[in-house]
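> With the sequence up front, the predicted model follows.
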Amino acid sequence: MEEVKIESSVLQLMQGDITEQDTEAIVNAANRSLLGGGGVDGAIHRAAGPELLAECRTLGGCETGDAVITRGYRLKARYVIHTVGPVYRSANPATERLLESAYQRSLEVARTKGIRSVAFPSISTGAYGYPLEEAAPVALRTVTEFLRAHPGIERVRFVLRSSTALRSFEEVLGQLAP
Ligand code: APR
């Protein structure tokens, strides 16, 4: 697992399955209904069990770029932070800002709850079509800036499903200011 220090926090990159992470919170790449789906969403709901959907039903949905929190139920993680990334149609500032916001709001929700370790999937880069090479810089820049400003978040881990995705993130991390 690649790991870099950002002030007093640690940012990690690994290939794996987000549902197996033992961080305090894992982030779900949800849709606005919060009623489940495929990919990360399907895997998290399968691993957490039916109580997760029951709690999600009480939340009344989530806007793109926003984030909400539930318990983790049968997951190792105590919490699931559900965020909704943008659907990618073309490279434009508004879509990039929504992706940035999904990461930012997820970390703000974690911080408000006093959560110190969070695992992210690569939001919007699956069904929502965001190209990895465009999403990785947005994800890493947003998270490193947040960690610099908020040392209370001690650890952020990106859990990439494929070696291709891991390589994209590793390349970007290597280029970010030391
Ligand atoms: N662990 C980590 N990463 C995963 C996992 C997993 N178990 N499963 C898939 N991924 C990766 C995908 O390879 C992709 O790179 O997570 C990234 C995000 O893919 P999606 O889950 O398709 O999420 P997203 O692109 O944000 O689309 C969200 O898909 O599942 C539906 O309900 C969801 O409508 C929403 C949409």
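All right, it came through fine. What you see is a predicted model, and the numbers here were worked out from it, not measured in a lab.
> Give me the distance from the lengthiest helix in the chain to the chain's centre.
Counting by DSSP state H, the longest helix found in the chain is helix 93-112. What separates the centre of helix 93-112 from the centre of its chain is 9 Å, taken as C-alpha atoms, centre = their mean, to the nearest Å.
> Can it be said to contact the ligand?
No. Helix 93-112 is not in contact with the ligand by C-beta under 6 Å from any ligand atom; minimum separation 8.6 Å. Heads up, the C-betas are built off the backbone N, CA and C, glycines and all.
> Show me which residues of the chain sit near the ligand.
Within the chain, the positions lying close to the ligand (C-beta under 6 Å from any ligand atom) are 17-19, 29-31, 37-43, 85, 121-128, 159, 161, 165.
> if you set the cut-off to 8 Å instead, what comes out?
Counting by C-beta under 8 Å from any ligand atom, the chain comes close to the ligand at 16-19, 29-31, 33, 36-44, 84-85, 87, 121-130, 132, 159-162, 165.
> Narrow those to those that are buried.
The neighbour-count criterion (16 or more other C-beta atoms under 10 Å) marks 18-19, 29-31, 36-37, 39-41, 43-44, 84-85, 121-126, 128, 130, 132, 159-161, 165 among the residues of the chain next to the ligand as buried.
> For the chain, which residue occupies the most central location?
The centroid of the chain falls nearest to Phe120 when counting by C-alpha atoms, centre = their mean (3.0 Å).
> just to revisit the earlier point, list the buried ones in the longest helix of the chain?
Using 16+ other C-beta under 10 Å as the test for burial, helix 93-112 gives 95-96, 98-111.
> What is the nearest of the residues you listed to the ligand?
Closest approach to the ligand among those (C-beta to the nearest ligand atom): Ala102, at 8.6 Å.
> which ones are touching that closest one?
Listed by C-beta atoms under 8 Å, 6 or more residues apart in numbering, the contact set of Ala102 reads Thr64, Gly65, Asp66, Ala67, Thr83, Val84, Gly85, Pro86, Ile123, Ser124.
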